[in-house]
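fold the following.
(one chain, ligands or ions: 1)
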Amino acid sequence: MHIEIDGWKVGIRFSASHFIPGHHKCARLHGHDYGVRVRIYGETKDCMLYDFVELKKIVRKIADEIDHHVMIPRSQEFIKHHINGNEVSIEFDGKRYTFPAKDVVFLDLKLTTAEELARYFAKKVLQAISFPANVKGFEICVDEGPGQGACHYEEVSA
Ligand SMILES: [Zn+2]
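Residues are numbered from 1 along each chain as shown. Next comes the predicted model:
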């Protein structure tokens, strides 16, 4: 059995901008309206699998931290960044952008693709929730607009 929340319908979405180095179109700074969907798999205990309220609260907090920011990977593998006081400069593909530090959010990933963002959300959920033994795993999908997204499945060991 699984339970699910659809961020498009329950208001777990965020707007943010990013760039994907080397991509013919996405290497230019642009933004998306992202929606987050979650499924939790397992068996029911006392007729419930997991508390919707708790799940929404945790996933919404992760989304809110990113909302209305420029997303920058913390890894320097593909995008180099330098912090100079109140400014963050980034370089890739022979280009350089400078942003006010308060407009930027650093994320622990290599690139801000939907795939990496789904992995990021899964990691944050794992840090925030000690799942009960009846939960076997969960899937998080990050959509770049409705109908296009990446899903990451994480097994939960009791
Ligand atoms: Zn994009």
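
nearest residue to the most centrally placed residue in the chain in space, please, no chain neighbours.
When CA atoms, centre = their mean is applied to the chain, the residue found nearest the centroid is Leu117 (3.7 Å). Nearest residue to Leu117, sequence neighbours excluded (CB to CB, 6 or more residues apart in numbering): Val142, at 4.3 Å. For every residue, glycine as well, the C-beta is placed using N, CA and C.

can you verify that neighbour is assigned to a strand?
Yes. Applying DSSP: H, G, I helix; E, B strand; the rest coil, one finds Val142 inside a strand.

so how far is Asn134 from the residue nearest to the centre of the chain?
28 Å (CB to CB, to the nearest Å).

what's the answer for Ala150, then?
27 Å.

for Glu154, list each beta-bridge partner.
Beta bridges link Glu154 to Phe138 when assigned by DSSP bridges.

tally of neighbours for it?
By the criterion of other CB atoms under 10 Å, Glu154 has 16 neighbours.

surely it and Tyr120 touch.
No. The pair Glu154 / Tyr120 is not scored as a contact, 11.7 Å apart, by CB atoms under 8 Å.
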